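Undergrad: Just the structure for this:
(one chain, ligands or ions: 2)
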Amino acid sequence: MKTIQWYPGHMAKAMGMMRGNLALVDGVVFVLDARCPASSFNPKLKELAGSKPVLYVFNKCDLADGRADALVSALRSKGAYVVKLNATDSGSRKNISAAISKLVEKKREASLSKGQTRTFRFMIAGVPNTGKSTLINLLAGSKRAGTGDKAGVTRGKQWIRLDGFELLDTPGTMPPSFENRRYAARLAFIGSINDDILDIYEIALELLAELSAKYPARLKERYGVSEGSPEELLEGVCKKRGFVLRGGDCDVERGARAVIDDFRKGRLGGITLDGAEDIDGLDF
Ligand SMILES: Nc1nc2c(ncn2[C@@H]2O[C@H](COP(=O)(O)OP(=O)(O)OP(=O)(O)O)[C@@H](O)[C@H]2O)c(=O)[nH]1
Ligand SMILES: [Mg+2]
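TA: Ligands and ions are numbered 1, 2, ... in the order given. Just a heads-up that it's a prediction; the model follows:
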């Protein structure tokens with residue numbers, strides 16, 4: 001895959017908005033994708049958070065597997081504050097609410113000791129499509145923020161008022177360019193990069209290559225193939241699913257979409273693509 005140079009104007013604007021609102025918040029919640037928490041970490045956002053307390057949420061943990069736990073531990077050993085979450089599960093509400101409250105524990109105690117109660121404000125930030133707005137709706141207990149399974153659903157800023165909390169929903173933002181091809185490819189797999197600018201065929205080949213290296217049994221189970229070049233694997237997918245054109249050739253475009261869709265919807269089982277090597281060198 002070529003280096004992606006993609007930094008739409010709305011993202012530059014969003015970064016400016018976040019910078020402008022940082023002084024108003026008591027802490028920042030970074031929503032990462034548990035399938036690739038290093039790839040979905042935006043160092044520019046971390047820089048922006050400055051000295052504010054930060055919580056990292058490994059969201060979509062229902063789509064990841066046990067390998068994500070090793071990454072949670074790796075980050076914790078770096079001193080980061082991390083929790084796992086499935087934001088679509090209403091049963092997780094209490095846990096995430098408590099985790100966010102903990103960010104301001106000292107501040108809350110200080111104001112209580114002065115007999116004051118105050119509202120704490122948090123900025124919810126991250127790359128597109130990681131579930132920021134879904135997390136806000138989970139905390140609110142109702143659909144207050146717009147959500148959708150594609151990149152770039154939230155555009156402007158939106159403050160959501162809850163009991164004792166105010167949350168700032170922000171648009172997903174990427175670093176201005178990806179020098180790291182591996183991160184960029186994984187962001188494409190999880191739908192963080194607008195599909196309109198991607199070559200779906202190429203992305204599917206990259207995904208098949210990663211899956212055959214890390215999860216061959218899953219490929220075998222769903223498509224009946226697990227070995228060979230990515231092109232051969234995609235052909236196997238097409239044959240298994242009956243994606244064959246009139247002349248007998250494989251409909252590779254359709255096969256490519258099916259592979260990506262299966263991955264995104266969790267039909268290949270829980271998958272974690274980032275490993276410890278991807279965390280190293282990132283300043284969480
Ligand atoms: N399986 C699963 N899906 C989730 C989870 N959290 C969010 N989603 C889905 O992921 C998609 C994106 O969620 P949003 O909340 O719109 O993501 P966002 O980070 O606000 O996206 P942008 O506003 O585009 O940056 C939606 O289809 C959600 O239903 C989760 O924990 N597990
Ligand atoms: Mg959103």
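Undergrad: Please count neighbours and contacts with C-alpha atoms only from this point.
TA: Noted.
Undergrad: ok, which residues in the stretch 51-200 of the chain are in contact with ligand 1?
TA: When proximity is defined as CA under 6 Å from any ligand atom, the stretch 51-200 of the chain approaches ligand 1 at 59-60, 62-63, 85-88, 128-134, 147-149, 151-154, 171-172.
Undergrad: biggest helix in this structure, by residue count?
TA: Among the segments of the chain that qualify as a helix by DSSP state H, the longest is helix 200-214.
Undergrad: C-terminal to the one helix or strand residue 21 maps to, what's the next element?
TA: Applying DSSP states H and E as the criterion places residue 21 in helix 9-21. Counting by DSSP H and E, the element after helix 9-21 in chain order, helix or strand, is strand 27-33.
Undergrad: hang on, the earlier thing: what's the PyMOL line that selects buried ones from the residues of the stretch 51-200 of the chain next to ligand 1?
TA: The PyMOL selection below is limited to those of those classed as buried (16 or more other CA atoms under 10 Å):
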select buried, resi 59+60+62+63+85+86+87+88+128+129+130+131+132+133+134+147+151+152+153+154+171+172
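Undergrad: Narrow the residues of the stretch 51-200 of the chain next to ligand 1 to those in helices?
TA: Among those, the ones falling in helices (DSSP H) are 132, 133, 134.
Undergrad: Kindly reformat those residues as JSON lines containing pLDDT and distance to residue 7.
TA: Formatted as JSON lines, these follow (pLDDT from 0 to 100; distance: CA to CA, whole Å):
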{"residue": "132", "pLDDT": "98", "distance to residue 7": "20"}
{"residue": "133", "pLDDT": "97", "distance to residue 7": "21"}
{"residue": "134", "pLDDT": "98", "distance to residue 7": "24"}
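Undergrad: So which of the residues you listed reach ligand 2?
TA: Residues of these in contact with ligand 2 (CA under 5 Å from the ion): residue 133.
Undergrad: possible to save the ones in helices among the residues of the stretch 51-200 of the chain next to ligand 1 as JSON lines with distance to residue 99?
TA: Written out in JSON lines, the entries for these read as follows (distance: CA to CA, whole Å):
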{"residue": "132", "distance to residue 99": "15"}
{"residue": "133", "distance to residue 99": "17"}
{"residue": "134", "distance to residue 99": "16"}
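Undergrad: Nearest to residue 269 among the ones in helices among the residues of the stretch 51-200 of the chain next to ligand 1?
TA: Closest approach between these and residue 269, by CA to CA: residue 134, at 21.6 Å.
Undergrad: so the closest one touches residue 145, yeah?
TA: Yes - the pair residue 134 / residue 145 is scored as a contact, 7.4 Å apart, by CA atoms under 8 Å.
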